Structure formats: C-alpha cells, structure tokens
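Asks: no letters, just coordinates:
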C-alpha cells in the first residue's frame, strides 16, 4: 500500500509538473498567434491523437501487460516487435496520405503520432516495472525540450503555429534518443530471431487491435469536436474553444496520472489473486468523486482568472 501511495504521489506530482510547460505556453502562444492559429495547433494535436491510435494499436499497454503475464519472452522483444509494426503502419499511412490528401499538417501529424508511439512504448517499461522516478524524468525531459524549442522556433524562425508543430516533433526525436540511452541495457536483451518477432507481434496485435474502438471513444470526446468546429465555424472559434479545453486539462491529468500509478500494481495483484471486484468498484468511486470535486473548484474560479491567462481575445 505504501508503494502504491508513493507511486501515486510521484505520478500525480510529476504529471502536473509536466503539464506546467504547455500551461505556461498557453499565454505565449495565444497572444503571439491569436485565436485562429492557436486553433490550428489544437487541430494538429487532434490529428496526432488519431494517428497515435491507429499507428500505436495500444502496443504500450500490451508491453505493460505482458511484463506480468508472459514469461517466455522479454518485454524488450515486445518493444522491438512494436517498433516494426509501428513503422509498417506509418509507411502505409504516409503512402495513402500522399496519394489522396497531400496536406502538410496531416503529414506532420502522422510523423508526430508515429514518434509519440515509439517514445511511449520505450518509456512504458519503466511504468511496467514500477520505476516511477525514471518514468517521470523521461516525461519531464520530453516536455521541457518541446517547451524550449517552441520558444526558440517561435521567436527566431516562425511566428506561426508551425513553430509549435516542429518543436513537438523535435522534442519526440530527442526524447527517443535519451530514453534509448537510458534503457540501453534493457534494449540489449532483444531476441532478433524471426520466430520471436512472429509470436510477440501476433500477441501485440491480438491485444491492441480490438481496443481501437475503446480509444476512439476518447477521440470522440476530445478530438472529433475540434474537427467539426474547424469545418463549420471560423478558425477563431476553434482557437477560443481550444484555449478553454487546455485550461480544463488539469482534471484529465490528475486522473490519468493516478491510472498510470495504479496499473502495474493492479496487474501484479491480479496475477497473485489479491484483488477483488469490490476493490475495482472502490477505485471507480474514487475517480468519479475526485473528478466532481475538481470540476466544482474550476467552476467557482472567477472568469477574470481565465481571461488573464489566455488573453482578452479569448473572453
């Protein structure tokens, strides 16, 4: 129980610290770009989320699961197989986009989605092994590099939304490099035999593909809305909506951080038959009432505070 509590504190505190960077960027980007171009950044992030689902195929969750349920193969084998699957999916999507929809923001979103999948799979082993501090360091480095490169590109190269887009891509590239170096001992345990790849890749696909529908439910709630707004309303409307969404992200951050802390412990207790259905009901009740509490607090904050952060254009 002490381990669960300490991991929860690290994950929640760490995720909140990581989210400070995009929160600090909000007043910078909203004022430098205006509502219309800020809306383009939000639209780019939505496309990245879509590609993350269809390229990633939940392989990061599978790596965590098989760390506890599969003893025949090493988790590094699953990571290697996932990279091959991700790369094939990415190449196929790029070809389709090149033929049917040559739009720069979509191409860049596909690249960012692919890099995010590789990075997420690479750091998922730290989550699976309950190495909360190591996972947190990787996340902070990723957010910090993206933050500082955004400022660099914005003020010295592009005074438009593309500065943020290229900073996100560069952030993932550098994060993959540092995470690979950090996990170099783990990566050396990869078995490159075709038989291992065939077995592990089939297990990844059997686990991940059915969960695409599950992940699409998240996109329907936090991505489809922005695509529809961009189609039927002016760009400034999307920017205003996106700024509000960014301000509200604290609720999701807290809940997802708790989820990351609990997941490996739940798998461990399931394997040892030490958890009951009533425990899951209790966890759900905790999530539910915590979200209600945070929402009430956010509702009680004066509107002037929100306007002060985003700017009067977003009133």
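Replies: The structure has been received and is ready for your questions. As the structure is a prediction and not an experimental result, all values here were calculated from the model.
Asks: low pLDDT regions in the stretch 101-250 of the chain?
Replies: Low-confidence segments of the stretch 101-250 of the chain (pLDDT under 70): 222, 250.
Asks: how about the helices in it?
Replies: Secondary structure of the stretch 101-250 of the chain (DSSP state H, counting those that start in this stretch): helices at 104-128, 132-156, 162-182, 184-187, 194-208, 212-222, 224-232, 235-247, 250-271.
Asks: format those as CSV; extra columns: distance to residue 310.
Replies: Every residue, glycine included, has its C-beta placed from N, CA and C. Formatted as CSV, those follow (distance: least, C-beta to C-beta, whole Å):
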stretch, distance to residue 310
helix 104-128, 23
helix 132-156, 17
helix 162-182, 16
helix 184-187, 42
helix 194-208, 37
helix 212-222, 19
helix 224-232, 16
helix 235-247, 4
helix 250-271, 15
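Asks: make a markdown table from these and add mean neighbour count and distance to residue 95 to it.
Replies: As requested, the helices of the stretch 101-250 of the chain are exported to a markdown table (neighbours: other C-beta atoms under 10 Å; distance: least, C-beta to C-beta, whole Å):
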| stretch | mean neighbour count | distance to residue 95 |
| --- | --- | --- |
| helix 104-128 | 22 | 11 |
| helix 132-156 | 18 | 28 |
| helix 162-182 | 20 | 20 |
| helix 184-187 | 12 | 29 |
| helix 194-208 | 16 | 20 |
| helix 212-222 | 13 | 20 |
| helix 224-232 | 14 | 23 |
| helix 235-247 | 20 | 29 |
| helix 250-271 | 17 | 33 |
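Asks: and of those helices, who's closest to residue 63?
Replies: Nearest to residue 63 among the helices of the stretch 101-250 of the chain is helix 104-128 (4.9 Å), distances taken as C-beta to C-beta.
Asks: helix or strand: which one has residue 299?
Replies: With secondary structure defined by DSSP states H and E, residue 299 is part of helix 277-300.
Asks: could you list the buried residues of that helix?
Replies: The neighbour-count check on helix 277-300 (16 or more other C-beta atoms under 10 Å) flags residue 294 as buried.
Asks: what helices or strands is the helix or strand just after it leaning on?
Replies: With elements assigned by DSSP H and E, the helix or strand that comes after helix 277-300 is helix 303-310. Judged by 3 or more C-beta pairs under 8 Å, 6 or more residues apart in numbering; DSSP states H and E, helix 303-310 is in contact with helix 2-56, helix 235-247.
Asks: got the angle for helix 303-310 vs helix 277-300?
Replies: Put simply, helix 303-310 runs at 90 degrees to helix 277-300, going by axes from the mean of the first three to the mean of the last three C-alpha atoms, to 10 degrees.
Asks: okay, buried residues for helix 303-310 please.
Replies: Neighbour-count burial for helix 303-310 [16+ other C-beta under 10 Å]: 306, 309, 310.
Asks: how close does the last one sit to residue 255?
Replies: Okay, so that is residue 310. Counting by C-beta to C-beta, to the nearest Å, the gap from residue 310 to residue 255 is 23 Å.
Asks: kindly report the same for residue 225.
Replies: Distance, residue 225 to residue 255, by C-beta to C-beta: 19 Å.
Asks: next one: residue 99
Replies: For residue 99, the distance to residue 255 - C-beta to C-beta - is 40 Å.
Asks: quick one on the thing from earlier: show me what the helix holding residue 299 packs onto, helices and strands only.
Replies: Partner elements for helix 277-300 (3+ C-beta pairs under 8 Å, 6+ apart): helix 250-271.
Asks: can you check what angle separates the helix it packs on from helix 277-300?
Replies: Here helix 250-271 points in a direction 170 degrees away from that of helix 277-300 (the same axes, to 10 degrees).
Asks: adjust the sequence numbering to begin at 41 for everything that follows.
Replies: Yep, numbering from 41; the last one is helix 290-311 now.
Asks: okay, the angle between helix 290-311 and helix 275-287?
Replies: Orientation check (the same axes, to 10 degrees): helix 290-311 against helix 275-287 gives 50 degrees.
Asks: angle of helix 290-311 against helix 144-168?
Replies: For helix 290-311 against helix 144-168, the angle by the same axes, to 10 degrees is 40 degrees.
Asks: good, wrapping up.
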